[in-house]
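# Predicted coordinates and the sequence they were generated for:
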Amino acid sequence: MSHRHGRERRLWHGSLFRRVVLHGLLLLFLVALAVGIAGWALGRSFPVQADPRGAMALAAERAAELWDDPARLRAELVRVRERLGVDAAAFAPGGRVVASGVEPPPPLPPEVEARAADGPVHVRGRGLTWAAPIPGGRGTLVASASHRSPPLVRAALFLGAVLVALALGSLPLARSIAAPLERLTRTARALGRGDLSARAGVEAGGEVGELSRAFDEMAERLERLVRGERELLANVSHEIRTPLARIRVALELAAEGDLERARRYLGEIGADLSEMDRLVEAVLATARLDAARAGGLPLRRERVDLAALAREAAERFRAEAPDRELDLSVEGGLPEVEGDPDLLRRLLANLLDNARKYSEAPAAVGLSVRGSAEGAVVEVRDRGIGIEAADLPRLFTPFFRTDRSRARGTGGVGLGLALARRIAEAHGGSLSAESVAGVGTTMRIVLPPFLPSTATARQGP
């Protein structure tokens, strides 16, 4: 129980939403404090009449000037009330009201009239109320603070209302900022727990929306990567299972003394071992390229003569498949490329072997090398079964084989084209396929030209 309460307390203090709200309230408090200090400083900068006796005396003299015109006197008292927030009334001797700026007029206690005969006096028990004699024995002027809020109080109330409105308005603003980030946090925790399908899915604009979309794209790539690793493990296990089973059968036959049947398995076992060797070599090469792409294992790079490399690949193809015809075309003036010669040899060998498997004699396999504005272009063409349009997007997926090439004798293990593309991309190039079912397939490699200035800058002094 205490652990749960402790966790809830940490969540409360660590919530981005609450922190945004608290920072907003703190900011409002500081603004209010600054406004108050500024108002106090401005108020201190003007001289304030500490004793209102002088003001009452002046007001009484003005009342004496207007005494004979009660209407004007009343208008003057109303103006004083509106401008200064002071309720005032002029009384004749005996307490009769001559003019008043407010209805009902403030009362005039009899004792105040007698006390005010000698000068302005404060009326006790009535707050800020003063009385002063009107010159000429005309009567008494009484003034008190108005019950209306003075301008400063009204300004303070207005400022308080504004601050409250800002505080309330900060809540949806804080929620709009914090909610997407909290959702991203929950999604990240779900990914950490192994839920690779978790996505934030925040539909928002600005930087928060861009962050959410980038996060979801990263999660999608992570899911594909993990799924690919799992499929790789499953496919490698599947491909190894068959040759291991044959080897086990051969060993059991030999142990039983059936040497003739065991001998018949030897040829198949040799082919299986060669296939396993190619599988392991392809997996290791793929891992090496992935490490190089991640910056963990640099490739061995040097200047490569593609023309010589293509002629070497053609000779090897003719030696391994003497019954097949190969058309070689190498244009002059080829740009030099930079790369790993061993990997580029494997790239050409994989494509030529793939073309041989998916086309039958006497159809010829074509290999051409030419220059272009993009760099060097290598094409391998066959006139074989071709590839369906629906299979082209998955053609370079590891362990993928088209429906008409599922047999191990023709389809291999499905790593050749995936490895070929990774080799091309590791050299800054690309590998694409064009195919028509029943007509043939063309594999096109584009490699960037060798730039001495770039290589020098990379190698350093």
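Perfect, I can see it now.
# where does the stretch 301-450 of the chain dip in pLDDT?
Within the stretch 301-450 of the chain, the segments meeting pLDDT under 70 span 398-414.
# need the strands for it, in chain order.
With DSSP state E, counting those that start in this stretch, the ranges of strands along the stretch 301-450 of the chain come out as 302-304, 326-330, 337-339, 365-372, 375-382, 430-436, 440-447.
# again with the stretch 51-200 of the chain
In the stretch 51-200 of the chain, the segments counted as strands under DSSP E, counting those that start in this stretch are 86-91, 97-100, 121-122, 129-134, 139-145.
# can you list the strands of the stretch 301-450 of the chain in CSV and add distance to Ala310?
(Glycine included, C-beta is placed from N, CA and C.) Formatted as CSV, the strands of the stretch 301-450 of the chain follow (distance: least, C-beta to C-beta, whole Å):
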stretch, distance to Ala310
strand 302-304, 11
strand 326-330, 6
strand 337-339, 12
strand 365-372, 5
strand 375-382, 7
strand 430-436, 16
strand 440-447, 11
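# of the ones you listed, which approaches Ala314 most closely?
Nearest of the strands of the stretch 301-450 of the chain to Ala314, taken as C-beta to C-beta: strand 326-330 at 4.6 Å.
# what comes up buried for the closest one?
Buried residues in strand 326-330, counting neighbours by 16 or more other C-beta atoms under 10 Å, are found at 326, 328, 330.
# cool, and stretch 23-37?
By 16+ other C-beta under 10 Å, the buried positions in stretch 23-37 come out as 24, 28, 32.
# And the residue nearest the centre of the chain?
Nearest to the mean C-alpha position of the chain, by C-alpha atoms, centre = their mean, lies Leu211 at 0.5 Å.
# among the strands of the stretch 51-200 of the chain, which gets the worst mean confidence?
Mean pLDDT values for those show the minimum at strand 121-122, a mean of 76.
# Tell me the one among the buried residues of strand 326-330 nearest to Arg74.
Val330 (114.9 Å).
# how about that closest one, what does it touch?
307, 310-311, 368-369 (C-beta atoms under 8 Å, 6 or more residues apart in numbering).
# Which two among the residues you listed are spaced furthest apart?
Greatest spatial distance among these (C-beta to C-beta): Arg311 and Ser368, at 12.2 Å.
# OK, contacts around the nearest residue to Ala363 once chain neighbours are set aside?
Spatial nearest neighbour of Ala363, chain neighbours left out: Arg383 (4.2 Å); criterion: C-beta to C-beta, 6 or more residues apart in numbering. Going by C-beta under 8 Å, 6+ apart, Arg383 touches 359, 363-364, 439-440.
# Could you rerun that using 10 Å?
355, 358-360, 362-366, 438-441 (C-beta atoms under 10 Å, 6 or more residues apart in numbering).
# distance between stretch 59-77 and the chain's centre?
In terms of C-alpha atoms, centre = their mean, to the nearest Å, the centre of stretch 59-77 is found 74 Å from the chain centre.
# same question, stretch 382-389
Distance, stretch centre to chain centre, for stretch 382-389: 43 Å (C-alpha atoms, centre = their mean).
# Next, the distance between the ends of that stretch.
Between the opening and closing residues of stretch 382-389 lies a distance of 17 Å (C-alpha to C-alpha, to the nearest Å).
# Counting neighbours, which bits of it end up buried?
For stretch 382-389, by 16+ other C-beta under 10 Å, it's 382-387.
# Between those residues, which sits nearest Val78?
Of the buried residues of stretch 382-389, the one sitting nearest to Val78 (C-beta to C-beta) turns out to be Ile387, at 98.5 Å.
# My guess is the closest one contacts Ala355. True?
No. Assessed by C-beta atoms under 10 Å, Ile387 is found out of contact with Ala355, at 11.9 Å.
# shared neighbours of those two, anything?
440-441.
# circling back to that earlier point, can you say which of the contacts of Arg383 are buried?
Buried members of the contacts of Arg383, scored by 16+ other C-beta under 10 Å, are 355, 358-359, 365-366, 440-441.
# looking at the sheet around Ile445, what are its partners?
Beta-bridge pairing of Ile445 under DSSP bridges involves Val378, Leu431.
# Let me see the contact set for it.
Ile445 neighbours (C-beta under 10 Å, 6+ apart): 306, 344, 347-348, 351, 369, 375-380, 420-421, 423-424, 427, 429-432.
# Also Ala88?
For Ala88, the contact set (C-beta under 10 Å, 6+ apart) comprises 56, 59, 63, 73, 76-78, 80-81, 99-102, 105-106, 130, 141-144, 146.
# try it again with 8 Å
59, 77, 80-81, 100-102, 141-144.
# Any chance of CSV for the residues you listed, columns neighbour count?
Listed next are the contacts of Ala88 as CSV, based on neighbours: other C-beta atoms under 10 Å:
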residue, neighbour count
Ala59, 23
Leu77, 26
Val80, 18
Arg81, 18
Ser100, 21
Gly101, 23
Val102, 17
Leu141, 29
Val142, 27
Ala143, 27
Ser144, 18
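# where exactly do the helices run in the stretch 201-350 of the chain?
The residue ranges that make up the helices of the stretch 201-350 of the chain, judged by DSSP state H, counting those that start in this stretch, are 206-256, 259-293, 306-320, 341-357.
# Work out the gap between the shortest one and the centre of the chain.
What it means is helix 306-320. 50 Å.
# list the buried ones in it?
For helix 306-320, the neighbour count (16+ other C-beta under 10 Å) marks 306, 309-310, 313-314, 317 as buried.
# Tell me the one of those nearest Ala204?
Checking these against Ala204 by C-beta to C-beta gives Leu306 as the nearest, at 49.6 Å.
# just checking, that closest one touches Val337?
Yes. Leu306 sits in contact with Val337 when judged by C-beta atoms under 8 Å, with a separation of 6.0 Å.
# Next, show the common contact partners of these two.
In contact with both Leu306 and Val337: 376, 447, using C-beta under 8 Å, 6+ apart.
# mean confidence for stretch 64-75?
For stretch 64-75, mean pLDDT rounds to 87.
# again, but for stretch 210-222
Stretch 210-222 comes out at a mean pLDDT of 84.
# How far off centre is stretch 375-385?
Chain-centre distance of stretch 375-385: 42 Å, with C-alpha atoms, centre = their mean.
# ah, wrong one, I meant stretch 190-206
Taking C-alpha atoms, centre = their mean, one finds stretch 190-206 lying 11 Å from the centre of the chain it belongs to.
# That one - what's its average pLDDT?
The average pLDDT within stretch 190-206 is 79.
# which residue sits closest to Gly429, ignoring its sequence neighbours?
Among residues not flanking Gly429 along the chain, Leu447 sits closest, at 4.1 Å (C-beta to C-beta, 6+ apart).
# between the buried residues of stretch 23-37, which is closest to Thr397?
Nearest to Thr397 among those is Gly24, at 51.3 Å by C-beta to C-beta.
# And the closest one, which helix or strand is it part of?
Gly24 belongs to helix 16-44 when assigned by DSSP states H and E.
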